[in-house]
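A.B. asks: Sequence plus predicted model, see below.
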Amino acid sequence: MSTPLHVLIIEDSEEDTQLLLRALKKGGYEPVYERVDSGAAMEVVLVRQKWDVIIADHNMPHFSAMKALDLLKENGYEIPFFIVSGGIDENLAAEAMKAGAQDYVMKHNLTRLVPAIERELREVEVRRDRSRAEATVEHQAHYDLLTNLPNRTTFKDRLTVALAQTGRNRKMLGILFVDLDRFKTIVDTLGHTIGDKLLRGVAERLRASLEDGDTLARMGGDEFVILLSQINRADRAVRVAQRVLDAIKPPFHFDQHELHVTMSIGITLYPYDGEDADTLLRNADSALYRAKEQGRNNYQLYTPAMNARAFERLALENSLRRAVERKEFLLHYQPQVDMQTRTVMGIEALLRWQHPDLGLVYPAEFISIAEETGLITQLGEWVIRTACVQNKAWQKAGLPPMTVAVNLSARQFQQQDLVETVARILKETDLDPRWLEIEITEGIAMQNADYTNVLLRGLKSMGVKVALDDFGTGYSSLSYLKKFPIDTLKIDQSFVRDLTTDPNDAAIANAVIVLAHSLKLKVVAEGVETREQETYLREHHCDISQGFLFSNPLAASPLESLIRRHLQKVV
Ligand code: C2E
Ligand code: CA
Ligand code: CA
């Protein structure tokens, strides 16, 4: 019985190739081979299949064994390599061995070839076994045998790395210390085999209730720990804890036993509950202890105040879902006044939530929740539609036409069909596109400048206006400003606030005005509250002012009255 052998032969002579093959067959191999005589051809066949050995002629017209060795090394291949040569050259032989060749065989003495190959293949086998064994040992040092989860050591390593990264990104980390309730009773009554099965089952369910970036580890016994990386609020940790408790609820079935288990969870948050791995774990453990005291089957955050805050946000999230169905949202409108003519030329629509218990809730309280839960898509579409309907109604009621500005959040901006949605709404509400303005913040625009450009061009080509909101708060890159097809810059209110007292803020505001005008953009100053601010801005050629000085954001009908009164004054 001959052994199949995949041989790559590097040789320019067909005759010599046949001699090689004959030698291999005689030695008990069944060669499956390809012959190449150039580097290019060699690269092609190398990727085509896995080769057991390479046999190369020492010297060919356009290629050589040494060049072939170089090529292998460059591409990271490790294939046993044999050189056959017509004559002996000890220096070359030594050089070839140093370059990674296994042996150097004379053409007229090919009987040496097969034993050399056999010896080398045996060694390859031994090396492979050894590295497999090493990998196993390595795995056992870092993973738990029973569940195949990372063990305590690995977890601590990962936590340490995550701590270093998170510190830089100013995000939070969540650590959930999870412990099965009454595991000992289960083992005492049903035995270790069932106990092990249960631990494996629990590990599976835990893993299934986590997301990709999260780490689940077994600390030992019936203790597990979860690392939530890069979270931005406590309630994400709480939400995961709740999901984990729910995941464990359905009974487990092992050998006719139906097992109902629960668990308790202690949660710590970095940086609030500790700065290093040990402190965070210790505090998570003591939160876990409190969860057990509370009657098990629940979770506790280490800092009690955090508990309350997280619950509050969760409650808000739940009522936010209902709010969309119950139509609890409304828009307030704030006028934008032309600083020269003192007429209202635009209106910014600002979202409000009429909460049944909490009263009027402002966007700062709920926009981020709406973003995280995905509700923003629906809500944002409602805002655009309502603003367009209202604007059309004002035009029909005989008010001079004004632009209505609508704010977009980051997630809305990433919606693939945003341009189509806006187009559809304009069509349905029959509003001329030039009376709609979309406001995006500088930060959102800069997240992905190329994408921003495409999207804004889509909006512009329809005739919709675009304003860059909160300008000056950070990311501004002037070169982008030139590239983005925008109509309006809104100076952030933080600069307007101290305009008349802080020379730095005044300098920034002036620079923005000059810059915007050089790019033929209109400038809106936000948060104008005093006469002094207004005068200053007018003197420095700011185009439009928006703020409490002229009017608070108002519901539609008081705003309409305000504009009508104002019109009479202006005329
Ligand atoms: P923004 O776009 O910068 O809106 C201006 C904010 O300044 C509004 O707060 C407005 O009420 C407030 N404001 C107006 N005049 C003055 C003033 O003279 N002084 C001071 N101190 N504040 C003034 P509001 O309504 O609470 O909105 C906050 C933010 O929420 C908005 O900031 C906007 O980013 C976001 N937002 C509002 N409505 C929506 C919406 O429909 N969708 C989205 N995605 N975000 C919205
Ligand atoms: Ca705005
Ligand atoms: Ca703003």
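C.D. replies: Alright, I've got the coordinates. Ligands and ions are numbered 1, 2, ... in the order given.
A.B. asks: Can you spell out which helices and strands pack onto the lengthiest strand in the chain?
C.D. replies: Under DSSP state E, the strand in the chain containing the largest number of residues is strand 344-355. Contact partners of strand 344-355 among helices and strands, from 3 or more CB pairs under 8 Å, 6 or more residues apart in numbering; DSSP states H and E: helix 304-326, strand 329-338, strand 359-361, helix 363-373, helix 375-396, strand 403-407, helix 556-570. (Each C-beta comes from the backbone N, C-alpha and C, glycine too.)
A.B. asks: could you give the angle of the last one to helix 375-396?
C.D. replies: In this case it means helix 556-570. Per axes from the mean of the first three to the mean of the last three CA atoms, to 10 degrees, the angle that helix 556-570 makes with helix 375-396 is 40 degrees.
A.B. asks: What residues does the protein have near ligand 2?
C.D. replies: Counting by CB under 5 Å from the ion, the residues of the chain close to ligand 2 are 407, 439, 469.
A.B. asks: how near is the second one to Lys482?
C.D. replies: Think Glu439. 19 Å (CB to CB, to the nearest Å).
A.B. asks: just Gln416 next, same as before
C.D. replies: In terms of CB to CB, Gln416 sits 26 Å off from Lys482.
A.B. asks: of these two, who's got more company?
C.D. replies: Lys482 (11 against 8; other CB atoms under 10 Å).
A.B. asks: Wait, a strand at that one?
C.D. replies: No - going by DSSP: H, G, I helix; E, B strand; the rest coil, the assignment for Lys482 is helix, not a strand.
A.B. asks: quick one: contacts for it?
C.D. replies: When contacts are counted by CB atoms under 8 Å, 6 or more residues apart in numbering, Lys482 touches Leu519.
A.B. asks: This protein - how does it break down into domains?
C.D. replies: Following automatic domain parsing, the chain resolves into domains at 3-140, 152-303, 334-349+375-570.
A.B. asks: and after the worst-scoring helix or strand of the chain on mean pLDDT, which helix or strand comes next?
C.D. replies: Using mean pLDDT, DSSP states H and E, the weakest-scoring helix or strand in the chain turns out to be helix 478-483, at a mean of 75. Later in the chain than helix 478-483, the nearest helix or strand by DSSP states H and E is strand 488-491.
A.B. asks: does the helix or strand following that next one come close to ligand 3?
C.D. replies: Next in sequence after strand 488-491, counting helices and strands by DSSP H and E, comes helix 493-497. No - Helix 493-497 does not reach ligand 3 (CB under 5 Å from the ion); its nearest approach is 6.4 Å.
A.B. asks: Counting by contacts, list what helix 493-497 packs against.
C.D. replies: Helices and strands touching helix 493-497, by 3+ CB pairs under 8 Å, 6+ apart, are helix 503-518.
A.B. asks: Burial check on Lys427, number of neighbours?
C.D. replies: Neighbour count of Lys427, defined by other CB under 10 Å: 10.
A.B. asks: how much space is there between it and ligand 2?
C.D. replies: 25 Å (CB to the ion, to the nearest Å).
A.B. asks: and that residue, that one's in a strand?
C.D. replies: No - Lys427 is assigned helix when assessed by three-state DSSP, not a strand.
A.B. asks: Residue numbers of this protein in contact with ligand 3?
C.D. replies: 469-470, 526.
A.B. asks: what do you get if the cut-off is 8 Å, keeping everything else the same?
C.D. replies: By CB under 8 Å from the ion, the residues of the chain that approach ligand 3 are 439, 441, 469-470, 490, 492-493, 526-527.
A.B. asks: For Met106, report the pLDDT, please.
C.D. replies: On pLDDT, Met106 comes in at 86.
A.B. asks: my bad, Val570
C.D. replies: pLDDT at Val570 comes out at 66.
A.B. asks: Go through whichever helix or strand Leu281 is part of and flag the buried ones.
C.D. replies: In this assignment (DSSP H and E), Leu281 forms part of helix 277-293. For helix 277-293, burial by neighbour count (16 or more other CB atoms under 10 Å) applies to 277, 280-285, 287-288, 290-292.
A.B. asks: Likewise for stretch 97-115?
C.D. replies: Under 16+ other CB under 10 Å, the buried positions of stretch 97-115 are 99, 101-105, 110, 113-114.
A.B. asks: a markdown table please, covering the residues you listed and showing secondary structure and distance to Gly458.
C.D. replies: Converted to a markdown table, the buried residues of stretch 97-115 look like this (DSSP: H, G, I helix; E, B strand; the rest coil; distance: CB to CB, whole Å):
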| residue | secondary structure | distance to Gly458 |
| --- | --- | --- |
| Ala99 | coil | 58 |
| Ala101 | coil | 61 |
| Gln102 | coil | 62 |
| Asp103 | strand | 66 |
| Tyr104 | strand | 67 |
| Val105 | strand | 69 |
| Leu110 | helix | 71 |
| Leu113 | helix | 68 |
| Val114 | helix | 70 |
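A.B. asks: ends of stretch 209-226, how far apart?
C.D. replies: 11 Å (CA to CA, to the nearest Å).
A.B. asks: what is the rounded mean pLDDT of that stretch?
C.D. replies: 94.
A.B. asks: Next: stretch 69-80.
C.D. replies: The model assigns stretch 69-80 a mean pLDDT of 92.
A.B. asks: Leaving out sequence neighbours, find the closest residue to Leu176.
C.D. replies: Among residues not flanking Leu176 along the chain, Ile226 sits closest, at 4.1 Å (CB to CB, 6 or more residues apart in numbering).
A.B. asks: Tell me how many other residues surround that neighbour.
C.D. replies: Ile226: 25 surrounding residues under other CB under 10 Å.
A.B. asks: So in terms of bridging, what pairs with it?
C.D. replies: On the basis of DSSP bridges, Ile226 is bridged to Leu176, Leu216.
A.B. asks: Can you give me the buried ones in stretch 218-227?
C.D. replies: 218-219, 222-227.
A.B. asks: contacting residues for Asn283?
C.D. replies: With contact taken as CB under 8 Å, 6+ apart, Asn283 is in contact with 266, 268, 273-274, 302.
A.B. asks: For ligand 1, state which of the residues you listed is nearest.
C.D. replies: Of all the contacts of Asn283, Asp273 has the smallest distance to ligand 1: 30.5 Å, by CB to the nearest ligand atom.
A.B. asks: my read: the closest one touches Tyr302, true?
C.D. replies: Yes - Asp273 lies in contact with Tyr302 (CB atoms under 8 Å); the separation is 4.4 Å.
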